[in-house]
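Enquirer: quick check, what structure comes out for this input:
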Amino acid sequence: MNHFGDDFPQFRNPLAELFQALREGPDYSVQIMKTQIMVRFRGEKVGGLNHILWHFYISKVFVRGHGTPELLKSYGFEWISHNETHQYWKLEGVEHHQSFKGAIEAMTGCSVM
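Expert: Have a look, this model is predicted:
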């Protein structure tokens, strides 16, 4: 029985499903940290979700090795530069989880789900 009673449908949680698939897949791993959920691809930091400010991010280092600014912009990411040591690609809003998924699949060539 769910919290709403037997007749009420169970709701999917696409964000949880995405991180579960990343955790269970052979090429990706997930680390839950104090302010973020970090995603790695074959041991290399990709980015993740800041679960305090609720935005996705992708590492500038990962993009430099696997993608392009044009690719990230096509998925709705914007370049953020707080200072020379704190720069990344940001995607505001957890409702854009499919764009995050699409961007990392495009850069890695490996499907998440």
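Enquirer: please count neighbours and contacts with C-alpha atoms only from this point.
Expert: OK.
Enquirer: residues in contact with the residue nearest the centre of the chain?
Expert: By CA atoms, centre = their mean, the chain has its centre lying nearest to residue 48, at 4.1 Å. Shown in contact with residue 48 (CA atoms under 8 Å, 6 or more residues apart in numbering): 36-39, 56-58.
Enquirer: just the residues you listed now: which is nearest residue 30?
Expert: residue 39 (4.7 Å; CA to CA).
Enquirer: that closest one should be in a strand, yeah?
Expert: Yes: under DSSP: H, G, I helix; E, B strand; the rest coil, residue 39 falls within a strand.
Enquirer: how close does it get to residue 85?
Expert: Distance from residue 39 to residue 85, counting by CA to CA, to the nearest Å: 20 Å.
Enquirer: neighbour count for those two, which is higher?
Expert: residue 39 (24 against 7; other CA atoms under 10 Å).
Enquirer: identify the residues contacting the more buried one.
Expert: Counting by CA under 8 Å, 6+ apart, residue 39 has contacts 22, 28-31, 45-48.
Enquirer: next, the buried residues of stretch 91-109.
Expert: For stretch 91-109, burial by neighbour count (16 or more other CA atoms under 10 Å) applies to 91-92, 94, 97, 99-101, 103-104, 107-108.
Enquirer: which ones among those residues map onto strands?
Expert: 91-92 (DSSP state E).
Enquirer: just name the closest of the buried residues of stretch 91-109 to residue 77, please.
Expert: Among the buried residues of stretch 91-109, and counting by CA to CA, the member closest to residue 77 is residue 91, at 4.6 Å.
Enquirer: I'd guessed that closest one sits against residue 53; true?
Expert: No: with contact defined as CA atoms under 8 Å, residue 91 does not count as touching residue 53 (11.1 Å).
Enquirer: confirm residue 72 sits in a helix?
Expert: Yes: Residue 72 forms part of a helix when assessed by three-state DSSP.
Enquirer: perfect, I'm done here.
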